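*Asks:* Any chance you could fold what I've pasted below:
(one chain, ligands or ions: 2)
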Amino acid sequence: MKLSQFFFKSRKDIPSDAALISHKLMIKASMIKQITAGIYTWLPLGLKIIKKIENIIRKVHDKYGCQELLMPTIQPSSLWKKSERYNDYGPEMLKFHDRNKKELLYGPTNEELITEVFKEYINSYKDLPKNLYQIQWKFRDEIRPRFGVMRCREFLMKDNYSFDLTKKDAENTYNNMFKCYLEIFNNIGLKVIPVKADPGAIGGDLSHEFHLISQSGDNTILYDKKLGDINKLDYKNSFDLLRNIYSVTEDEYNKKKDLDLTKLVKTKGIEIGHIFYFGTKYSEKLNASVLNNKGKKVYVEMGSYGIGVSRLVAAVIESSHDDNGIIWPKNISPFHVGLINLNMKNVNLNKTCKKIYDFLIKNKVDVLYDDTKQTPGEKFSTMDLIGLPSQIILGENSFKNNYFEIKNRKNNNTIKCKINNLKKILEVI
Ligand code: ATP
Ligand code: MG
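*Replies:* Ligands and ions are numbered 1, 2, ... in the order given. This is a model prediction of the structure:
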């Protein structure tokens, strides 16, 4: 992609209510545009990151035996009356009427709807377990939408729902999803803390939130000091440790105060995921049952699992930025690499940049080429703001000496690379 053609403009008019650095940077880098309170357009740069996150989520869910489907955003209110959750959600749920005066709502979550779908198709224990997921927009009429896409009203969520025959099977599924979440966040490049949480309006008796530690987080969490430095944790092999160590939300802690504060780390966190086991709460109300191997009707055991996909974009920025802008983890970076031509007037420099650009495309490297007429200073700050992990920089001085530079965005280290040895780029980036 050539920057001169890309839908991008570094913005300086940051609204005064943008308190979080992630909110400021997302506006500055034209990733999002607010339409009205808590409702945003995702511009091409922002959407690219959403897609990258979605792909990681899909890959890991598929690996864990989940199957994707897509439910509508609009649901009939009648379904929520059947589950007796219509009143629990209160004013957070957006309701409206169609032309036939039937009351509809914009789904804040989908336990009811998926149960309705499930029960039409699955009637026997032989067809269990099942685990279905979707990545779909949700609406919650938050009383105080704030912090950009961190707490907005319309947001993108990955939600999945599991159906098992027995409580034991359902608990296994729950643990599997716990592992699945650790793998997803690890693949994105995030260190998370799972904490025991209150299930809230979803209900049930087993629930964990997944938090990204950040001073800008809305929640307070507490965990056992024994966990040590989480940046050193090997997430691939830490399931047992993270599943069993004492870690809780502040609300949970206050219920029992069962561990001395001196033994705990108390910190702020951003909730990026939440998982629930709630047994037969919805299957009983909505009559979702199967016949077991003795021909007896049993209600299915259910769990639900959510990840705030759009919130994650802001959360990653909160945990990975510097004074100059965003620093994307490699796996979700909107482009693999930036290419900066410091003097578009130099014909030979242009030719070489074009050659590098073509070489990268041929090698399936997603490149953002700054071919604009901006000054070198402006080009450097634009590329730093966008935050790609590495930048290939061609200026006249180095060009005269037959090399160019590759800069690492995170640590500013630069490597010199000979113009006749483009293959080296593939090793460095
Ligand atoms: P919160 O406590 O932050 O309001 P929640 O507990 O109500 O979130 P869940 O019902 O657990 O949210 O939804 C699953 C995930 O969806 C959350 O972990 C979070 O990442 C995301 N999410 C929830 N509400 C919002 C929102 N208003 N804006 C953006 N993402 C959200
Ligand atoms: Mg939650």
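*Asks:* and the longest strand along the chain, does that touch ligand 1?
*Replies:* Secondary structure of the chain per DSSP state E: the longest strand is strand 264-279. Yes - using Cβ under 6 Å from any ligand atom, strand 264-279 reaches ligand 1 at 271-274. Every C-beta, even on glycine, is put in place using the N, C-alpha and C of the backbone.
*Asks:* tell me what that strand is packed against?
*Replies:* With contacts taken as 3 or more Cβ pairs under 8 Å, 6 or more residues apart in numbering; DSSP states H and E, strand 264-279 sits against helix 167-188, strand 192-196, strand 206-213, strand 219-224, strand 301-308, helix 309-319.
*Asks:* mind listing what Gly395 touches?
*Replies:* Residues near Gly395 by Cβ atoms under 8 Å, 6 or more residues apart in numbering: 342-343, 376, 404.
*Asks:* and if you look at Glu103?
*Replies:* 76-78, 95-97.
*Asks:* how close does Asp127 sit to ligand 1?
*Replies:* 27 Å (Cβ to the nearest ligand atom, to the nearest Å).
*Asks:* Identify the residue nearest that residue in space, chain neighbours excluded?
*Replies:* Val290 (7.2 Å; Cβ to Cβ, 6 or more residues apart in numbering).
*Asks:* about what we covered before: which two from the contacts of Glu103 end up farthest apart in space?
*Replies:* For the contacts of Glu103, with distances taken as Cβ to Cβ, the pair at the greatest spread is Ser78 and Phe96 (14.1 Å).
*Asks:* ok, Ile213 - contacts?
*Replies:* Residues in contact with Ile213, defined by Cβ under 8 Å, 6+ apart, are 191, 193, 221, 230, 267-269, 319.
*Asks:* Can you tell me which residues in the stretch 1-150 of the chain are near ligand 1?
*Replies:* Residues of the stretch 1-150 of the chain lying near ligand 1 (Cβ under 6 Å from any ligand atom): 109, 140, 142.
*Asks:* and the last one, how many neighbours does it have?
*Replies:* This means Glu142. Neighbour count of Glu142, defined by other Cβ atoms under 10 Å: 15.
*Asks:* Next: the second one.
*Replies:* Burial measure for Arg140: 22 neighbouring residues, criterion other Cβ under 10 Å.
*Asks:* who's in contact with it?
*Replies:* 92-94, 108, 153, 155.
*Asks:* what does Ser390 give?
*Replies:* 336-338, 406-409, 428-429.
*Asks:* As JSON lines, those with neighbour count would be great.
*Replies:* Formatted as JSON lines, these follow (neighbours: other Cβ atoms under 10 Å):
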{"residue": "His336", "neighbour count": "16"}
{"residue": "Val337", "neighbour count": "23"}
{"residue": "Gly338", "neighbour count": "26"}
{"residue": "Ile406", "neighbour count": "19"}
{"residue": "Lys407", "neighbour count": "20"}
{"residue": "Asn408", "neighbour count": "15"}
{"residue": "Arg409", "neighbour count": "23"}
{"residue": "Val428", "neighbour count": "12"}
{"residue": "Ile429", "neighbour count": "20"}
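*Asks:* Please determine how far the residue nearest to Asp127 is located from ligand 1.
*Replies:* From Val290 over to ligand 1 (counting by Cβ to the nearest ligand atom), the distance is 27 Å.
*Asks:* quick one: what helix or strand has that residue in it?
*Replies:* Secondary-structure assignment from DSSP states H and E places Val290 in strand 289-291.
*Asks:* That strand - contacts with which helices or strands?
*Replies:* strand 297-299.
*Asks:* what comes into contact with the strand it packs on?
*Replies:* Identification of contacts with strand 297-299 by Cβ under 8 Å, 6+ apart yields 125, 165, 280, 283-284, 288-292.
*Asks:* do stretch 121-131 as well
*Replies:* Under Cβ under 8 Å, 6+ apart, the answer for stretch 121-131 is 64-67, 118, 160-165, 169, 173, 290-293, 298, 300.
*Asks:* First-to-last residue distance for it?
*Replies:* Start-to-end span of stretch 121-131 (Cα to Cα, to the nearest Å) is 13 Å.
*Asks:* now swap in stretch 84-95 and tell me
*Replies:* End-to-end span of stretch 84-95 (Cα to Cα): 16 Å.
*Asks:* How far does that stretch sit from its chain's centre?
*Replies:* Taking the mean of its C-alpha atoms, stretch 84-95 sits 25 Å from the chain's own mean (Cα atoms, centre = their mean, to the nearest Å).
*Asks:* Kindly report the same for stretch 336-349.
*Replies:* Counting by Cα atoms, centre = their mean, stretch 336-349 comes out at 33 Å from the chain centroid.
*Asks:* Tell me the span between the first and last residue of it.
*Replies:* 22 Å.
*Asks:* Check stretch 119-133 too.
*Replies:* Start-to-end span of stretch 119-133 (Cα to Cα) is 16 Å.
*Asks:* Can you list the buried residues in that stretch?
*Replies:* 119, 122, 125, 128-133 (16 or more other Cβ atoms under 10 Å).
*Asks:* what's the neighbour count on the nearest residue to Gly38 once chain neighbours are set aside?
*Replies:* In this structure, Gly38 finds its nearest non-sequential neighbour in Pro145, 2.8 Å apart by Cβ to Cβ, 6+ apart. Residues lying near Pro145 (other Cβ under 10 Å) number 21.
*Asks:* Provide a list of residues in contact with Pro145.
*Replies:* Contacts of Pro145 (Cβ under 8 Å, 6+ apart): 37-38, 151-153.
*Asks:* One more pass at 10 Å, please.
*Replies:* Contact partners of Pro145, counting by Cβ atoms under 10 Å, 6 or more residues apart in numbering, are 34, 36-40, 151-155.
*Asks:* what's the answer for Ser77, then?
*Replies:* So Ser77 contacts 86, 93, 95-97, 102-105 (Cβ under 10 Å, 6+ apart).
*Asks:* In the sheet, which residues pair with the one residue in the chain that gets nearest to ligand 1? Tell me.
*Replies:* Closest contact between the chain and ligand 1, by Cβ to the nearest ligand atom, is at Gly308 (2.2 Å). Counting by DSSP bridges, Gly308 is bridged to Met157.
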